[in-house]
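Asks: structural data only, the sequence is not supplied:
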């Protein structure tokens with residue numbers, strides 16, 4: 001499972017760089033400043049969770065079961081949270097009304113919060129030497 005987490009972190013980070021560059025160089029003339037700032041928020045949170053996936057994948061004190069749970073929470077959370085933010089920020093550029101999916105943002109955020117909570121709980125379980 002550590003390989004999947006490392007791949008998730010690497011791919012999410014790669015896509016965050018690409019989307020960040022797209023936002024900075026492609027969207028600035030297509031959307032207003034508020035939408036651009038919203039888009040950048042999605043990129044920023046995608047980066048945070050890409051780094052978290054890389055860290056979790058590299059740590060040995062998480063069980064395989066915990067890593068599996070964290071993988072799916074992070075994958076789904078990134079897609080729902082950052083993905084819905086990207087859609088909302090570029091809503092006026094498409095024929096699809098992303099505001100109808102606005103509830104996906106807090107659902108994705110909740111999944112990411114749960115992932116962080118699991119990380120905290122597992123760190124607290126580490127025996128001090």
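Replies: Nice, thanks for sending it over. As the structure is a prediction and not an experimental result, all values here were calculated from the model.
Asks: now do the helices in this protein.
Replies: 2-22, 33-58, 64-89, 104-124 (DSSP state H).
Asks: mean pLDDT for these - can I get that in TSV?
Replies: TSV is the format used below for these (pLDDT from 0 to 100):
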stretch	mean pLDDT
helix 2-22	95
helix 33-58	95
helix 64-89	96
helix 104-124	96
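Asks: mind putting the ones you listed in TSV, distance to residue 98 and mean neighbour count included?
Replies: Glycine gets a C-beta too; all of them are placed from N, C-alpha and C. What follows is those, written out as TSV (distance: least, CB to CB, whole Å; neighbours: other CB atoms under 10 Å):
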stretch	distance to residue 98	mean neighbour count
helix 2-22	15	16
helix 33-58	11	18
helix 64-89	4	20
helix 104-124	9	16
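Asks: any chance of the ones you listed in CSV, plus distance to residue 95?
Replies: Shown next, in CSV, are the helices of the chain (distance: least, CB to CB, whole Å):
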stretch, distance to residue 95
helix 2-22, 19
helix 33-58, 17
helix 64-89, 12
helix 104-124, 19
